[in-house]
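S.K.: Kindly generate the corresponding structure for this input.
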Amino acid sequence: NTRIVTKDYILPGTDVVFKTNDMMSFNTKGLHFDPEHWTNPSEFYPEHFSKEAKAARNPYAFQAFGQGPRACIGMRFALLETKVAVLAVLSKYSFKPGTKTQEPLVLDAENQLGWAKGGLWVCVEARG
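M.R.: So this is what the prediction gives:
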C-alpha cells in the first residue's frame, strides 16, 4: 500500500499537502473498520459480502487484495483455494474457544494484520 505521489495534492478539507515524489502509505484497517462502509465494523457479519451489500458500498472500501492495475492477479484463485481448504478442515474437525481465549476478542492495535490481542487459542476436536 505504498505509492509515490505523482503530482502535488491537497487533501480536501484539511491543510495536508502531498508533494510530488513523496512516499505515501495507508493502513487498510482504517477502511475496514469505517462505520461509513460497514455496519458494526468491529464484528464479523458475512452479510457484508453479499451481492447487495457489495453493490451498495464503495468498491475500494475492502482492500484485501488491492484494487486497480496493481491488484493481486491471483485473487480469485486464492479465494477459491482458501474456501476449499477451510471446508476440508471443517469437515474433519470442530473448533471451540480454548481456555486461554479472551472473549470478546480485542484486536492488537500494534499489529497491522488484525491479530487478536493475547493470541487466538482454540480447542480442535476430530469429528466422529
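
S.K.: Next one: the nearest residue to Thr39 once chain neighbours are set aside from Met24, what distance?
M.R.: In space, not counting the residues next to it along the chain, Thr39 is nearest to Tyr45; the distance is 7.0 Å by Cβ to Cβ, 6 or more residues apart in numbering. Heads up, the C-betas are built off the backbone N, CA and C, glycines and all. Summarising the geometry, the distance separating Tyr45 from Met24, computed by Cβ to Cβ, to the nearest Å, is 31 Å.

S.K.: Contacts for the longest helix along the chain next, please.
M.R.: Ordering each helix of the chain by length in residues (DSSP state H) puts helix 75-92 first. Contacts of helix 75-92 with the rest of the structure, by Cβ atoms under 8 Å, 6 or more residues apart in numbering, involve 65, 72, 126-127.

S.K.: Just flag the most distant two among these.
M.R.: Farthest pair in the contacts of helix 75-92 (Cβ to Cβ) is Cys72 and Ala126. Separation: 34.0 Å.

S.K.: low-confidence ranges in the chain?
M.R.: By pLDDT under 70, the low-scoring segments of the chain are 1.

S.K.: in it, which spans are strands?
M.R.: Along the chain, counting by DSSP state E, strands occupy 2-4, 9-10, 17-18, 23-25, 93-97, 122-126.
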